[in-house]
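Peer 1: Quick check, what structure comes out for this input:
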Amino acid sequence: MEIDSYQREQKPGGVMMIPIPNAGILKQVDGLEEAQAVPGIEEIDITIKMDNRVTPLPEGNSYLGFIFARGETPEAVETALREAHRRLKFTIVPDIYLSEQ
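Peer 2: Numbers count the residues shown, from 1 in each chain. You can find the predicted model right below:
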C-alpha cells in the first residue's frame, strides 16, 4: 500500500511501562489524579484489574499499566514520566495461596 504523505509528530513523547514492585494481589491504586496532574502527562492506563494476582518480571509477563507523556524536550518527557510514577501508590497484598507453598 502506498503512503502519499506522512507527518512526524513534532513534540518528543515517551511511555513508561509501570513495573510490578512485588508479587501478590493488586488491591488499590492511589495518587492517580495527582499523577495525571503532572505537566506533560497525557494518559495513565492501569491495565491490571483490581483483585488480580501480579508477579514482577522476570517471572511475571505483564506490567501494572502505562504512563504516556509529551513535552518540549526528551528530558522534560522523562522527568514527567518519573514524577507521575513517583506519585502513584500501589497496594499489593500477599497472596495467601502463594505463601502456603
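
Peer 1: Break down the protein into its strands, ranges please.
Peer 2: 13-18, 24-30, 41-46, 53-54, 65-70, 89-93 (DSSP state E).

Peer 1: Tabulate the ones you listed in a markdown table, adding columns for distance to E2.
Peer 2: For glycine as for every other residue, the C-beta is placed from the backbone atoms N, C-alpha and C. As requested, these are exported to a markdown table (distance: least, Cβ to Cβ, whole Å):
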| stretch | distance to E2 |
| --- | --- |
| strand 13-18 | 26 |
| strand 24-30 | 44 |
| strand 41-46 | 31 |
| strand 53-54 | 44 |
| strand 65-70 | 29 |
| strand 89-93 | 46 |
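
Peer 1: Need the winner for burial among those.
Peer 2: strand 65-70 (a mean of 19; mean count of other Cβ atoms under 10 Å).

Peer 1: ok, now which ones touch the nearest residue to I20 once chain neighbours are set aside?
Peer 2: Excluding its sequence neighbours, the residue lying closest to I20 (Cβ to Cβ, 6 or more residues apart in numbering) is P56, at 4.3 Å. P56 is in contact with 19-23, counting by Cβ atoms under 8 Å, 6 or more residues apart in numbering.

Peer 1: rerun that using 10 Å as the cut-off
Peer 2: Shown in contact with P56 (Cβ atoms under 10 Å, 6 or more residues apart in numbering): 19-24, 62-64, 92.

Peer 1: picking that back up, I'd like the strands of the chain written out as CSV, with mean pLDDT and distance to I3 added.
Peer 2: Shown next, in CSV, are these (pLDDT from 0 to 100; distance: least, Cβ to Cβ, whole Å):
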stretch, mean pLDDT, distance to I3
strand 13-18, 97, 21
strand 24-30, 96, 39
strand 41-46, 98, 25
strand 53-54, 94, 40
strand 65-70, 98, 23
strand 89-93, 96, 41
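
Peer 1: and N61, how many neighbours does it have?
Peer 2: 7 (other Cβ atoms under 10 Å).

Peer 1: how about the nearest residue to it, chain neighbours excluded?
Peer 2: Closest to N61 by Cβ to Cβ, 6+ apart is T55, at 7.9 Å.

Peer 1: And the nearest residue to I46 once chain neighbours are set aside, how far from D4?
Peer 2: What sits nearest to I46 in space, not counting adjacent residues and going by Cβ to Cβ, 6+ apart, is G65, at 3.9 Å. The gap separating G65 from D4 is 36 Å, by Cβ to Cβ, to the nearest Å.
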